[in-house]
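J.: Requesting a structural model of the entry that follows:
(chains A and B)
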Number of protein chains: 2
Amino acid sequence: MASSSITLSQAILSSSSIARHGSSQPTTTSSLSLPTFSGLKSTTTTTSRRRIATVPTTTPRHSVPRASATVETLEKTTDTALVEKSVNTIRFLAIDAVEKANSGHPGLPMGCAPMGHILYDEVMRYNPKNPFWFNRDRFVLSAGHGCMLQYALLHLAGYDSVQEEDLKGFRQWGSKTPGHPENFETLGVEVTTGPLGQGICNAVGLALAEKHLAARYNKPDSEIVDHYTYCILGDGCQMEGISNEACSLAGHWGLGKLIAFYDDNHISIDGDTEIAFTENVDTRFEGLGWHVIWVKNGNTGYDEIRAAIKEAKAVKDKPTLIKVTTTIGYGSPNKANSYSVHGSALGAKEVDATRKNLGWPYEPFHVPEDVKKHWSRHASEGAALEAEWNAKFAEYEKKYLEEAAELKSIITGELPSGWEKALPTYTPESPADATRNLSQQNLNALAKVLPGLLGGSADLASSNMTLLKMFGDFQKNTPEERNVRFGVREHSMGAICNGIALHSPGLIPYCATFFVFTDYMRAAIRISALSEARVIYVMTHDSIGLGEDGPTHQPIEHLASFRAMPNILMLRPADGNETAGAYKVAVLNRKRPSILALSRQKLPQLPGTSIEGVEKGGYIISDNSSGNKPDVILLGTGSELEIAAKAADELRKEGKTVRVVSFVSWELFEEQSDEYKESVLPASVTARVSIEAGSTFGWHKIVGQKGKAIGIDRFGASAPAGKIYKEFGITAEAVIAAAKEVS
Amino acid sequence: MASSSITLSQAILSSSSIARHGSSQPTTTSSLSLPTFSGLKSTTTTTSRRRIATVPTTTPRHSVPRASATVETLEKTTDTALVEKSVNTIRFLAIDAVEKANSGHPGLPMGCAPMGHILYDEVMRYNPKNPFWFNRDRFVLSAGHGCMLQYALLHLAGYDSVQEEDLKGFRQWGSKTPGHPENFETLGVEVTTGPLGQGICNAVGLALAEKHLAARYNKPDSEIVDHYTYCILGDGCQMEGISNEACSLAGHWGLGKLIAFYDDNHISIDGDTEIAFTENVDTRFEGLGWHVIWVKNGNTGYDEIRAAIKEAKAVKDKPTLIKVTTTIGYGSPNKANSYSVHGSALGAKEVDATRKNLGWPYEPFHVPEDVKKHWSRHASEGAALEAEWNAKFAEYEKKYLEEAAELKSIITGELPSGWEKALPTYTPESPADATRNLSQQNLNALAKVLPGLLGGSADLASSNMTLLKMFGDFQKNTPEERNVRFGVREHSMGAICNGIALHSPGLIPYCATFFVFTDYMRAAIRISALSEARVIYVMTHDSIGLGEDGPTHQPIEHLASFRAMPNILMLRPADGNETAGAYKVAVLNRKRPSILALSRQKLPQLPGTSIEGVEKGGYIISDNSSGNKPDVILLGTGSELEIAAKAADELRKEGKTVRVVSFVSWELFEEQSDEYKESVLPASVTARVSIEAGSTFGWHKIVGQKGKAIGIDRFGASAPAGKIYKEFGITAEAVIAAAKEVS
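T.: As a prediction, this is how the structure comes out:
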């Protein structure tokens, strides 16, 4: 790992080059404007972090005590008329963009513009010219449909990603302003939201990451990690179970720097929330261990909002929910406070009426000069904030070389050179073991060399084998530890890991449960894939091989269901070497998540398996043929590769030439050259048999219409594993019979 | 619909014949013992509902006021020594069964035996010889891993489904006592549980069904529908977000006859709940609108438990959570109160120690004579309860002929004859429309003829088009209505519908959201499939055709992911006739759920589509070839069938013979005869092109290696729908080009 300070800065910038998976991606990639300052080399330390003051204080930032800084950021110095003008600018940018697209959600931005303004203009610390600045405050719009709020704020704050033409291209092909916030499209958007409830969980993950890194790297003389996570969530997010899961954890962990604004507008798509949502949210959050504040006038109560944030920051041992009662579509004389303003354009007539009502004489998309001028300071202030931090980091690095190097690798995502040498290797003589146990060997080996690796299980650590033995539990009072205890909360576990992964390029979260319970977290896994979050899903008990727990616990369709999902690697290793290979692949794929399907039952270490083989997705583990013309090709994955190998032994005894192919990852194999593919699965050999203890759905593409796919196209059963394998015909005998049939 | 009263009784019995989907099912079906009384013909009205009294009172049941009956059932008349002996019998049946299987979860049954005993012996009304008796109290073990509790109780209560040999066959191949409770294996088990949190949601569904049917059919002089729903849930269920969703709804709906026992034992698999679950559950439930009671001594506090149930019954406008603090593994001197007793056999030594500790001198699986004798009254009492109700029903039927006939059809599941005539039909001249709108036409037409049809959407009623126009909302004070407002709670929506479906064979719940959000509810959908619950999933916005909302909202892999799932019908209708066909199929498949993928965008009514075609899964909608030898076969589903048809028109103009096949349901096509399949997709015609706006995963089985599958193997994009279709190549031009390539 390089240690010069310039490298860090460069790496941060390079991480901003967003390359989208899939060559047919419609949007072009954004190239980040280089900031005009020199990153870590800067020595500017005299700029204040004050956001509102127009002149810098003379106190260097790094000597300002934390508490007073907190107060400073909340002082109200901008005059209210200008604030209101800025707030209305936000409202009309949203109204106009939705109107032009004739599609979108104007209601939330109109109601939440005041809190949005205060956050981005008065409270949050960020550098619009470097959206990747490590120590920025994070913002998550959990109610992602209201994304025009975020786009308007990014635009005003000076992010290059959202120019006027981007606002005009809202929801259009190739624009930077898609229908829901997407981190991979729009710089400044931290996470992809829209599916409700996910964002608040991402925010919990971001706040967890901050608390963890702060605990590991801050020193009594240097708070090098120190930012807040803000989130806006709506009634919909509150109704989703996933948010309750994550908020229960946030309370448990005491994430004091997480501040969530609950846009309490009483309207959801079907109408008044009275029809389906009459619980007392405040009471629930108190039960979850949060500090709860109610801002009764979210429409114009700027001071109320400011006071609430100030109070929230003063509470350091609990996350805070600020319930902000707003009027959805505030300002629209005929549609405010109704569901009709939630998800449709206002219509020309109502836009006019709203302009009149709010006294807004401007053309569509116009930002008044004084508003523009007011916001323009964020570029320089942000640059100064970053420069100040860079200077602080330079100081830190001098004193704490080792910690600085580690933190840098987390910030940049650069892997320590030679990290992969830590991966364990196995020989056929190594003892048979369950791949879940082999997975634990890998996790523990990697945790020593990858400072960003942390994670845990949804209350199945001792079954999933995910404990990092050299670390304790990440808890409220031990946040420096790396074993995360998620409780029985699979869905939020996935979404929290998305937040962790997207906090810093070098954080590598893993999470675990039984493979079948990916059903509980599928929406979060899909967002890992979509938002290019490198989360490692450690999914054990991956087939009927788990035995007695029965069909509710036995995955059948799950491998197929993830093979069909874009931008995710579905890996099913067969033994120790393949498990190590799966981890290597998972760590190296920075822009996509991986799922490792692992066995509960013991498996032998097979001759021919290798890390390199796994990297190709499908490869030959044994073959007694020549000239790329075996009589039959047997394909297997995971625990059934052993069965394929056994069947091959028998068939060879009978004089057949047999190739055994481990098909550990379909996606990786698909990405190989045609030449390589032909070398493994020659078109001329149509005698192919696959075996996998799961649905045969999809296998016909591989085995062809003359081949045979052995699998399980029904639900499982409760019995000892060996018995089920036999009864379901997942046996070497079945492979042999099929091989004879097709060859 | 037959109106004689004997028919109802017969039908109830016939519904008990459990035919399992899939011919290779390991377990044999259970035949229900006929009760010794004559069902509805019985005139016995003098038997009391009192559960504890050994002599019947002279007051006819139907004149006992509700309130006093409630109190009666909770009087303590069994002496405590015998109760304790019964409780220990339950504990040791669980200990012994887990020990023999060397697999299972003894901890919960040992801790929950007291509440289990009181429920099944003193409180619940049921007839062990007819587990399908309509007016029985329902019990759900949400913490399904503790299923030996339920099996022990069913055994003691006299259910024929769980004999001594079944207990000895716990978790073995073909037994009636699988590793988690499965309604399709074990009579007396209401719903399939194990995946945590599902059961409490099922219980909410069961209680909703009761409240709804009671509101529709009860009369001032006859409470014909009148039962409680009991549930035991553990810490794991409480952590899952799904349970918070459903409990929020239960509070909102004021389900006063839902009584849930929270087994508060402070232990989950990873150890003390302190590590991940420190929220205040009581406060949360108060926020959710529940009545909360705390039983501090759940291990031996029988009177405390009884008093809590009494109090719960007295609260009629809120569901009740009884937090029962127990010791997991109570009685085990060395393993109680630790995670080691949660999910493993105690081991011979600890079993002995536990026997000594609890003073249990008996052999494994022994039920002491006095305990057996004590429980033996449930057969006759249960028969009397049912007979009493049957008599009441006979009276009811005399007065309320129409209501009785409707209720009967709900109880028996018999569809009104000719119901399918209500399905709308369309001609190519009918106006183009989105299938989501056509779906609403079907729902509204069916609601008139199917009294058991009820349902709604997860806050997208106006997008999913699911409102039944002739009905109002099911709400706390209007429970007779049939539009259910689930709020943004997809996961619990599915699980609640499972409960509704399994309450009565004639209830047909439907539920709706955007197709992509099946990801939120997949675990519940899988349980619909596994537990044979006829839920109709109305999933709109089924492709990139939804346009601007972008990739978070555009399903890609979802069709494939459900085609891979066992025992579920994935239907993607193309127009009005196919939508009607899909509903026909969904209603007729009593033992499997259906998912209808429906378009947001308008689609033309295509020539050649039909209800009958849909019933075959795949069928020819047009063909200009002869001799079953078209030049090329084009296959499409849903919104892309139109594109296939257009391409065919063009190709025919060029002189090709082209067959267009609608492939609306792969599962149904797979079930057709080989002859039929050959008539649609002749093996000799390898020139095949499929088009579907989703993943191509799986299509190669249909189009073969010489064919071509047009689809989308990447995430979607935010733009107007037409633009995305064009950019992604989901066009007639692409089909034409592919057809030329392959033919």
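J.: hey, where'd the helices end up in the stretch 351-500 of chain A?
T.: Using DSSP state H, counting those that start in this stretch, the helices of the stretch 351-500 of chain A run over residues A:369-399, A:401-412, A:435-449, A:461-464, A:490-503.
J.: Quick one: low-confidence residue ranges for the stretch 51-200 of chain A.
T.: A:51-78 (pLDDT under 70).
J.: List, one by one, the residues from it near chain B.
T.: Contact residues of the stretch 51-200 of chain A with respect to chain B, defined by CB under 8 Å from any CB of the partner chain, are listed as A:101, A:103-104, A:144, A:171-175, A:178-180, A:182, A:192-197. C-beta coordinates here come from the backbone N, C-alpha and C atoms, glycine included.
J.: 10 Å instead?
T.: Counting by CB under 10 Å from any CB of the partner chain, the residues of the stretch 51-200 of chain A close to chain B are A:101-105, A:144-145, A:147, A:169-175, A:177-182, A:184-185, A:192-198.
J.: Same list (the helices of the stretch 351-500 of chain A) but as a markdown table, adding mean pLDDT and mean neighbour count.
T.: A markdown table is the format used below for the helices of the stretch 351-500 of chain A (pLDDT from 0 to 100; neighbours: other CB atoms under 10 Å in any protein chain shown):
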| stretch | mean pLDDT | mean neighbour count |
| --- | --- | --- |
| helix A:369-399 | 98 | 19 |
| helix A:401-412 | 97 | 20 |
| helix A:435-449 | 98 | 22 |
| helix A:461-464 | 97 | 21 |
| helix A:490-503 | 98 | 32 |
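J.: Turn these into a markdown table, including distance to chain B.
T.: Supplementary listing: the helices of the stretch 351-500 of chain A in a markdown table, determined by distance: least, CB to the nearest CB, whole Å:
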| stretch | distance to chain B |
| --- | --- |
| helix A:369-399 | 26 |
| helix A:401-412 | 25 |
| helix A:435-449 | 14 |
| helix A:461-464 | 5 |
| helix A:490-503 | 6 |
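J.: can I get those in a markdown table with distance to B:T278?
T.: Putting these into a markdown table (distance: least, CB to CB, whole Å) gives the following:
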| stretch | distance to B:T278 |
| --- | --- |
| helix A:369-399 | 34 |
| helix A:401-412 | 29 |
| helix A:435-449 | 26 |
| helix A:461-464 | 18 |
| helix A:490-503 | 16 |
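J.: Which of the residues of the stretch 51-200 of chain A next to chain B fall within helices?
T.: Using DSSP state H, A:A101, A:C147, A:Q198 are the members of these that sit in helices.
J.: nearest residue to the last one other than its sequence neighbours?
T.: Counting by CB to CB, 6 or more residues apart in numbering or on different chains, A:A495 is the residue found nearest to A:Q198 once chain neighbours are left out, at 5.0 Å.
J.: what separates the most centrally placed residue in chain A from A:P195, distance-wise?
T.: Residue closest to the average C-alpha location in chain A (CA atoms, centre = their mean): A:N498, at 2.1 Å. Counting by CB to CB, to the nearest Å, the separation of A:N498 from A:P195 is 11 Å.
J.: Which neighbours do the two have in common?
T.: Counting by CB atoms under 10 Å, 6 or more residues apart in numbering or on different chains, the contacts common to A:N498 and A:P195 are A:A524, A:I527, A:L530.
J.: Between the residues you listed, which sits nearest A:K602?
T.: Ranked by distance to A:K602 (CB to CB), the shared contacts of A:N498 and A:P195 are led by A:A524 at 30.9 Å.
J.: Touching, that closest one and B:D519? I think so.
T.: Yes - A contact is recorded between A:A524 and B:D519 when judged using CB atoms under 10 Å, the distance being 8.6 Å.
J.: neighbour-wise, which of these two wins?
T.: Looking at A:A524 and B:D519 with other CB atoms under 10 Å in any protein chain shown, you find the greater number of neighbours at A:A524, namely 31 against 28.
J.: picking up where we left off before, nearest to chain B, of the ones in helices among the residues of the stretch 51-200 of chain A next to chain B?
T.: Closest to chain B out of those is A:A101 (6.6 Å), distances taken as CB to the nearest CB.
J.: where's the residue lying closest to that closest one once chain neighbours are set aside relative to A:S332, distance?
T.: Spatial nearest neighbour of A:A101, excluding adjacent residues (CB to CB, 6+ apart): A:R171 at 4.2 Å. Between A:R171 and A:S332 the distance, using CB to CB, works out to 20 Å.
J.: Same check on A:Q440?
T.: When distance is defined by CB to CB, A:Q440 is 57 Å away from A:S332.
J.: got the angle for the helix or strand hosting A:V204 vs helix A:401-412?
T.: Taking DSSP states H and E as the definition, A:V204 sits inside helix A:198-217. Helix A:198-217 and helix A:401-412 are oriented at 160 degrees to each other (axes from the mean of the first three to the mean of the last three CA atoms, to 10 degrees).
J.: Give the buried residues for helix A:198-217.
T.: Burial within helix A:198-217, assessed by neighbour count using 16 or more other CB atoms under 10 Å in any protein chain shown, is assigned to A:198-214, A:216-217.
J.: And the next helix or strand past that helix?
T.: Taking DSSP H and E as the definition, the helix or strand that follows helix A:198-217 towards the C-terminus is strand A:229-234.
J.: wait, does that following strand make contact with chain B?
T.: Yes - contact of strand A:229-234 with chain B (CB under 10 Å from any CB) involves A:G234.
J.: Over to stretch A:725-743?
T.: Yes - Stretch A:725-743 reaches chain B (CB under 10 Å from any CB) through A:K726, A:E727, A:F728, A:G729.
J.: ditto for stretch A:540-547
T.: Yes - in this structure, stretch A:540-547 sits against chain B according to CB under 10 Å from any CB; the contacting residues are A:L546, A:G547.
J.: what's the first-to-last distance across that stretch?
T.: As for stretch A:540-547, its first-to-last residue distance stands at 13 Å under the measure CA to CA, to the nearest Å.
J.: Quick one: residues contacting the closest residue to chain B within chain A.
T.: Ranking the residues of chain A by distance to chain B (CB to the nearest CB) places A:G241 first, at 2.4 Å. The neighbourhood of A:G241, defined by CB under 10 Å, 6+ apart, consists of A:197, A:489, A:491-492, A:520, B:197, B:201, B:240-248, B:488-492, B:520.
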